[in-house]
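Novice: sequence and computational prediction follow.
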Amino acid sequence: MRFELQPITMLDARDRRHTVDALVAMQDDGIPIGLAAHPVYRFSPDTPTPVAAQYTITHQLSGLRVYREPVATEGIACQWLERIAPLTDWTHPAPRLRPQSTLRLLVMLARVQAMEVCNEDRLEEVPSIVPNRPPAQPLTLESLTALIDWMIYAMEYVALPQEAVPALEQELALHATLVRASERAVQEQAVVS
């Protein structure tokens, strides 16, 4: 993968289009991936102004950011982009990044991993957690999504121990299975109705 500085069109919070310079991700053969890394911009009536130490990734076709939280450097943004590029075909219209989307969780996780790779010395080990009671409710898609959200958010501040990586991967696979089952149930319900 390589990056080329090119103008892209992005949307602001009011859905107005703006053209900004960005590092557009390209496959080695020169085919665009559909994502671009760039500073976060403040849009005034005259010109877009980059916000200091805030970088993000934009889905080129939709003009939307892939995640609301920025990262601190262009290097982290590029590392993040490299991690999410293989997750889906970004050259299609807006990817499915709904609140309970496994893709959204993978994008969040990739952001934290990129921050970790680029700045490992700021993280601490996670303390041992011992559950003190049995679960009060059965596992649901909503509760699993909330848990993974929390885990990924926490990884911004505390390093994930290597022995926990397989558990996180299993949680993401379980989440994807629950999403597919939920979508099938909605489709079956629509057929019955």
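Specialist: Nice, I can see it.
Novice: in which helix or strand would I find the closest residue in space to residue 55 that isn't next to it in sequence?
Specialist: Closest residue to residue 55 apart from its sequence neighbours, by CB to CB, 6 or more residues apart in numbering: residue 77 at 3.8 Å. All C-beta atoms are positioned from the backbone trio N, CA, C, and that covers glycine. According to DSSP states H and E, residue 77 maps onto helix 74-84.
Novice: just residue 145 next, same as before
Specialist: helix 141-154.
Novice: helices or strands up against that helix?
Specialist: Packing partners of helix 141-154 (3 or more CB pairs under 8 Å, 6 or more residues apart in numbering; DSSP states H and E): helix 102-118, helix 165-192.
Novice: which of the ones you listed sits most buried?
Specialist: helix 102-118 (a mean of 20; mean count of other CB atoms under 10 Å).
Novice: which ones are touching the residue nearest to residue 55?
Specialist: By CB atoms under 8 Å, 6 or more residues apart in numbering, the residues touching residue 77 are 23, 37, 38, 55, 56, 57, 70, 71, 114.
Novice: any idea how far residue 16 is from it?
Specialist: 23 Å (CB to CB, to the nearest Å).
Novice: please apply the same query to residue 119.
Specialist: Residue 119 is 34 Å from residue 16, by CB to CB.
Novice: those two: who's more crowded?
Specialist: Counting neighbours by other CB atoms under 10 Å for residue 119 and for residue 16 shows that residue 119 has the greater number, 14 against 10.
Novice: got the confidence number for that one?
Specialist: Here the pLDDT value assigned to residue 119 is 74.
Novice: numbering from 644 from now on, please.
Specialist: That works, and once the first residue is 644, the last one we named lands at residue 762.
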